[in-house]
Structures are given as C-alpha cells and as structure tokens.
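Chemist: Sequence first, predicted model second:
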Amino acid sequence: MITLWSDSDYSGTKRPDDWMQEPIVVIQHKRESIPSYSKTTVKNWNDGQPGIILNHHVPYNRIARHLIARTDTRTFAQVHKDFKALLKVFGNKKMPFFEPTQSRYDFNEWYTYAWETICDWPNNLFMGPSFGDEGGRVIDVPKNPSAKLEQRLYEARLEYHHALGVHVDLGQNGPDGGDLINDWTPSHDY
C-alpha cells in the first residue's frame, strides 16, 4: 500500500478534524506487481505475441513521476478530486466499495488502487518480446506487433499525454498513416 503523510504525521501534533485539507508532504511508495485484472485483460485481448512477461509501453516510472508531481504538496481533498477524474479515463469496473474520505487508512487504500489502475492500465501493457525501455528512458516497443496492438498502444500514449502530460514520442503519423496527433479525439474531457 502507498502511504501518504502530512505535516501533522511527522510533527506529532494533533491531526486537524478536517484532515482532507492537510497538504501531503511525503509519498511512501513501494512498487507492487501488476494487478491480476490487468494481466487477465491483456491476455484476453490476444493482440500480442505469446509470452509470460507483460511490458509497459509507456514506462511505469514515467507515469509514476507524474502521479507524484500531482500529489506532492497538494491537500488530500485536491488529490481526491484529481485522481477521481483520472479514474474516469484509466479506471475499470473493479472500483473499491468504500468512501476514501472516511479515514486516512481508507484514503491510502483508495489512492493505492488509483495509482495501480493508472500505472498498470491494461491499454498500456503488452505481452511478448520487446526492444526494452532502457531503464524507463524510452517507450518500450513490441517486436513484430499486430496492427491491432500497434493502434492500442498508440492510443494509450495519447491518453497518457493528454490526461497526465507524460512526455511520449507521438510520432508524425499513427499506425494507420493518419495524423492522430491532430485528428485524434480523446475519450474523455481533461
């Protein structure tokens, strides 16, 4: 679980009654394995090559850095509002069934779920051999991708770019040869 800490957590002072208004000053994060729902979804699409390894097309660490920037020094209330909007883009039907504003524990559970949902979004994952991401420095490209996989990954890059501002190589043209950078319509309002 990712744990978010405020000043009152570190100073030992009494936490304010409205803890949602406290700024987050520390994000304690330990990377977990890819959730099973993401693995199952990608496997069922059957648009990649057989394999047991799942690869992140847009590197995990690139996405994580943007999530940290969207969290650090913001209040719990601001992060809750922002990540709820992001879950409309990257979310799935396995949403937690509790209100994250009820307690800090619930908030940290919900934030962890949101983080994993965004970082391990199935549309950004693929199976099979790849050229590698050079330690997160470049977009990981599958070797011999199907047209369907190529299109899905291109659209995932666009979603990360528009929703999070993640730097991705959008290229001049999409896999179909069209100008997807200018002609693409996002699936959500940002």
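Modeler: Cool, got the structure. Numbering: from 1, shown residues only.
Chemist: Could you use CA atoms for every contact and neighbour count after this?
Modeler: Fine.
Chemist: Which helix or which strand is home to residue 137?
Modeler: Element membership for residue 137, per DSSP states H and E: none, as it lies in no helix or strand.
Chemist: Now it: closest residue in space, sequence neighbours ignored.
Modeler: Take residue 137 and drop its neighbours on the chain: the residue closest to it by Cα to Cα, 6 or more residues apart in numbering is residue 59, 7.7 Å away.
Chemist: And the one you found, how far from residue 118?
Modeler: With the distance defined as Cα to Cα, to the nearest Å, residue 59 ends up 12 Å from residue 118.
Chemist: before we move on, back to that, isn't the residue nearest to residue 137 up against residue 133?
Modeler: Yes: counting by Cα atoms under 8 Å, residue 133 is a contact partner of residue 59 at 6.8 Å.
Chemist: Comparing the two, which shows the higher neighbour count?
Modeler: Using other Cα atoms under 10 Å, the more surrounded residue of residue 59 and residue 133 is residue 59, with 23 against 17.
Chemist: ok, now which ones touch that one?
Modeler: By Cα atoms under 8 Å, 6 or more residues apart in numbering, the residues touching residue 59 are 133, 136, 137, 138, 139, 140.
Chemist: per-residue confidence for the fourth one?
Modeler: Right, residue 138. We have a pLDDT of 90 for residue 138.
Chemist: Phi and psi next, for it.
Modeler: Main-chain torsions, residue 138, degrees, to the nearest 10: phi -130, psi 160.
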